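1. sequence isn't available, so here's the structure alone:
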Ligand SMILES: *Cc1c(COP(=O)(O)O)cnc(C)c1O
């Protein structure tokens with residue numbers, strides 16, 4: 001089949017008079033077809049989802065799968081995939097129960113929420129939220145919070161698909177309680193607050209805070225919700241993530257009294273892809289009754305990973321969650337690692353390294369203005385441009401994703417996981433040998 005693919009492409013290119021022999025050579029030579037097929041086979045073998053080394057220094061790199069979960073969560077996920085499990089039965093009574101009951105219980109202990117429901121991701125959470133409380137009605141949002149998250153998740157378009165009409169109030173930089181009050185009518189379904197995850201409005205600004213929104217909703221009988229995006233959990237036994245101190249805390253958002261708070265499972269929470277909706281029992285029960293929930297619910301593998309991650313937080317082991325650990329590492333802590341990596345790579349022929357101070361980023365639209373000071377390794381390989389080296393590393397085994405800055409290739413130690421340094425060295429051995 002792969003041979004037929006290559007032949008078909010060659011035929012089409014010959015017909016069009018633009019054969020480049022699959023990028024093998026300028027002019028057709030004996031063995032070109034064989035080499036072309038060889039390349040195609042190699043590409044096939046390396047296709048699909050493979051593990052990579054993230055040396056780009058973006059902790060929650062959406063392109064590279066966001067949060068790497070804790071090894072214990074990963075183990076629970078692997079076991080769950082292979083076996084039968086108590087997904088929707090209570091082992092003590094034998095009765096049917098709900099797949100996310102345990103998640104709701106653990107989230108409640110951790111955040112103070114009275115009730116919770118978990119879905120496929122936070123985009124799904126927002127969709128379910130809008131559709132449940134405001135389908136055929138209006139959703140009121142501050143003009144300064146009508147965001148695009150990336151990957152075509154634009155709040156106004158999501159609202160349209162959820163069947164709700166967007167009513168923007170206030171101005172880009174200032175929105176007050178009176179703006180919300182003035183927009184209320186017979187068709188008002190929801191007041192929504194959206195955390196501006198990936199940009200900041202600075203200067204002459206004013207926004208209705210969560211407490212104010214909750215109070216106004218209660219007064220006017222309108223359901224209120226806060227889309228936190230990332231959502232930060234500060235828990236007992238875990239050091240606060242100082243670098244992320246401007247991110248809203250899940251616990252505080254809930255304590256403000258809004259009816260529903262939603263956030264991602266694979267951003268700062270540090271678990272597998274999921275979306276959590278936490279809040280009042282009445283609101284959560286309404287979300288659960290929406291037939292759309294069935295299409296957005298979680299699978300057993302993800303549930304196992306989330307339960308384990310929540311247990312780690314509750315056991316006072318939040319600091320062990322890989323993304324939290326990466327975000328907290330200081331420049332001083334990372335310096336010996338950067339130096340050791342630089343020394344090891346400099347042993348290869350034609351490789352030159354240097355350690356310089358640079359900055360990693362949280363990523364995933366979280367805290368665009370946060371830069372974490374990090375010593376990085378600047379690497380150059382004789383006769384290779386930074387772009388060529390980056391490409392060779394991506395094609396290698398294992399693939400390595402580096403950072404390019406000012407035409408230099410940087411390797412950031414902050415996002416290296418256990419065993420990644422050895423993998424990086426193997427990758428360079430292959431690149432310099434070829
Ligand atoms: C990231 C984000 C989302 C989407 O969450 P996913 O988990 O990526 O689906 C929605 N709203 C906000 C404010 C976000 O930051």
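-> Cool, the structure landed. Note that this is a predicted model, so its numbers are computed, not measured.
2. who's in contact with the closest residue to residue 171 other than its chain neighbours?
-> Closest residue to residue 171 in three dimensions, ignoring its sequence neighbours and counting by Cβ to Cβ, 6 or more residues apart in numbering: residue 143, at 5.7 Å. For every residue, glycine as well, the C-beta is placed using N, CA and C. Neighbour list for residue 143: 168-172, 175 [criterion: Cβ atoms under 8 Å, 6 or more residues apart in numbering].
3. buried among those residues? Need that as a selection in PyMOL.
-> Typed into PyMOL, the line below selects the buried ones among these, using 16 or more other Cβ atoms under 10 Å:
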select buried, resi 168+169+170+175
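4. taking the contacts of residue 143 one by one, which sit in strands?
-> 168-169 (DSSP state E).
5. closest to residue 161 out of the contacts of residue 143?
-> residue 168 (17.4 Å; Cβ to Cβ).
6. quick check: the residue in the stretch 251-400 of the chain that the ligand sits nearest to vs residue 106, distance?
-> The ligand sits closest to residue 264 of the stretch 251-400 of the chain, with a gap of 3.5 Å, by Cβ to the nearest ligand atom. For residue 264, the distance to residue 106 (Cβ to Cβ, to the nearest Å) stands at 17 Å.
7. more neighbours, those two?
-> residue 264 (28 against 18; other Cβ atoms under 10 Å).
8. for that one, report the pLDDT, please.
-> Residue 264 carries a pLDDT score of 96 in this model.
9. over to residue 202?
-> Model confidence at residue 202, given as pLDDT, is 76.
10. tell me who's in contact with it.
-> Per Cβ under 8 Å, 6+ apart, neighbours of residue 202: none.
11. give me the low-pLDDT residue ranges for this structure?
-> In the predicted model of the chain, residues 19-27, 149-151, 365-366 satisfy pLDDT under 70.
12. most centrally placed residue in it?
-> Among the residues of the chain, the one closest to the centroid is residue 66, at 3.9 Å (Cα atoms, centre = their mean).
13. what helix or strand is that one on?
-> Taking DSSP states H and E as the definition, one finds residue 66 inside no helix or strand.
14. wait, isn't it in contact with residue 54?
-> No: counting by Cβ atoms under 8 Å, residue 66 does not reach residue 54; the two are 10.7 Å apart.
15. so which bits of the stretch 151-300 of the chain are right by the ligand?
-> The interface of the stretch 151-300 of the chain toward the ligand, taken as Cβ under 6 Å from any ligand atom, is made up of 153, 194-195, 197, 227, 229-230, 264, 275.
16. distance from the chain centre to stretch 406-422, please.
-> 19 Å (Cα atoms, centre = their mean, to the nearest Å).
17. that should have said stretch 61-78, apologies.
-> Counting by Cα atoms, centre = their mean, stretch 61-78 comes out at 11 Å from the chain centroid.
18. ok, back up a step: skipping its backbone neighbours, what lies nearest the residue nearest to the centre of the chain in space?
-> Counting by Cβ to Cβ, 6+ apart, the residue nearest residue 66 is residue 266, at 4.2 Å.
19. correct me if wrong: the one you found contacts residue 275.
-> No: applying Cβ under 8 Å, one finds residue 266 not in contact with residue 275, separated by 9.4 Å.
20. overlap in contacts, those two.
-> With Cβ under 8 Å, 6+ apart as the test, residue 266 and residue 275 both reach residue 121.
21. hang on, the earlier thing: need the max-distance pair from the contacts of residue 143.
-> Farthest pair in the contacts of residue 143, by Cβ to Cβ: 169 and 172, 11.5 Å.
22. pop out the phi and psi values for residue 327.
-> Main-chain dihedrals, residue 327, degrees, to the nearest 10: phi -70, psi -20.
23. which residues touch it?
-> Residues counted as contacts of residue 327 (Cβ under 8 Å, 6+ apart) are 59, 241, 243-244, 268, 362, 372.
24. so which residue of the stretch 101-250 of the chain comes closest to the ligand?
-> Closest approach between the stretch 101-250 of the chain and the ligand, counting by Cβ to the nearest ligand atom: residue 229, at 2.3 Å.
25. show me the beta-bridge partners of that residue.
-> Legend: beta-bridge partners of residue 229 under DSSP bridges are residue 263.
26. what count of nearby residues applies to it?
-> 24.
27. also residue 91?
-> Neighbours of residue 91 using other Cβ under 10 Å come to 8.
28. that one and residue 102: what is the separation?
-> Going from residue 91 to residue 102 by Cβ to Cβ gives 12 Å.
29. look up phi and psi at residue 91.
-> When read as degrees, to the nearest 10, the backbone of residue 91 gives phi -70, psi -20.
30. mind checking what secondary structure the nearest residue to residue 113 once chain neighbours are set aside has?
-> With sequence-adjacent residues excluded and distances taken as Cβ to Cβ, 6+ apart, residue 113 is closest to residue 278, at 3.6 Å. At residue 278 the chain is in strand, as set by DSSP: H, G, I helix; E, B strand; the rest coil.
31. what sits opposite residue 278 in the beta ladder?
-> residue 116, residue 261.
32. just checking, residue 176 touches residue 183?
-> No: applying Cβ under 8 Å, one finds residue 176 not in contact with residue 183, separated by 11.6 Å.
33. want to throw the residues of the stretch 151-300 of the chain next to the ligand into TSV with distance to residue 251?
-> As requested, these are exported to TSV (distance: Cβ to Cβ, whole Å):
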residue	distance to residue 251
153	25
194	19
195	15
197	18
227	16
229	16
230	14
264	16
275	18
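34. which one among those residues gets closest to residue 96?
-> residue 275 (23.8 Å).
35. got phi/psi on that closest one?
-> Taking degrees, to the nearest 10, you get phi -130, psi 140 for the backbone angles of residue 275.
36. nearest residue to it in space, please, no chain neighbours.
-> Nearest non-adjacent residue to residue 275, counting by Cβ to Cβ, 6+ apart: residue 125, 3.4 Å away.
37. what helix or strand is the one you found located in?
-> Assigned by DSSP H and E, residue 125 falls in helix 122-134.
38. who touches that helix?
-> By Cβ under 8 Å, 6+ apart, helix 122-134 touches 119, 139, 149, 153, 158-159, 161-165, 189-190, 192, 223, 225, 227, 229, 260, 262-265, 267, 275-277, 283, 286-287, 290, 292-293, 296.
39. any idea which helix or strand comes after it?
-> strand 138-142.
40. quick one: strands adjacent to that next one?
-> Here strand 138-142 has these sheet partners by DSSP bridges: strand 165-169 (parallel), strand 188-194 (parallel).
41. so what touches the very next helix or strand once past the longest one?
-> Read it as strand 188-194. Following strand 188-194 in sequence order, the next helix or strand is helix 210-220 (DSSP H and E). The contact list for helix 210-220 (Cβ under 8 Å, 6+ apart) reads 177, 180-181, 184, 188, 191, 193, 208, 222-224, 226, 248, 252-253, 256-259.
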